[in-house]
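Enquirer: I would like the atomic coordinates for the input below:
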Amino acid sequence: MTEVMRHRWAQLYFNSEIIAVASFSGYRGGSFFDFKQARHLLAKDCSDECLGSAVLKALASSRFLLASRRKGSIYPRDLEFDAEVGSPRTVVEHFDA
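Expert: From the prediction side, this is the model:
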């Protein structure tokens, strides 16, 4: 088995008014928007320190996870399983609320 390295992910989105910073979680890539973790909405003119702090908080709350266990697989100890985060339907429901 190839060793899977633990990484952390965050994404930034922006428009003319705000900067949004969000945690992403996953196993080999930050493939899940992790709505259970850090999200920050900042003014477009926020300071470098404010933006840097939001990015660090989002990275710190990024999780090493899969949606579910796969039969016959062996997983690292710090891997979490969260079917809600791995479900596109749950993400859509979260934003429609």
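Enquirer: Listing request: residues of the chain with sub-threshold pLDDT.
Expert: Scanning the chain for pLDDT under 70 picks out 1-3, 86-97.
Enquirer: And the strands in this structure, which stretches?
Expert: Along the chain, counting by DSSP state E, strands occupy 9-14, 18-25, 32-33, 39-43, 65-66, 80-81.
Enquirer: ranking these by burial, who's on top?
Expert: strand 32-33 (a mean of 23; mean count of other CB atoms under 10 Å). From N, CA and C alone the C-beta is placed, and that goes for glycine too.
Enquirer: helices or strands up against it?
Expert: Counting contacts by 3 or more CB pairs under 8 Å, 6 or more residues apart in numbering; DSSP states H and E, strand 32-33 packs against strand 18-25.
Enquirer: can you tell me which residue is nearest the centre of this protein?
Expert: With distances taken as CA atoms, centre = their mean, the chain has Phe24 as the residue nearest its mean C-alpha position (1.6 Å).
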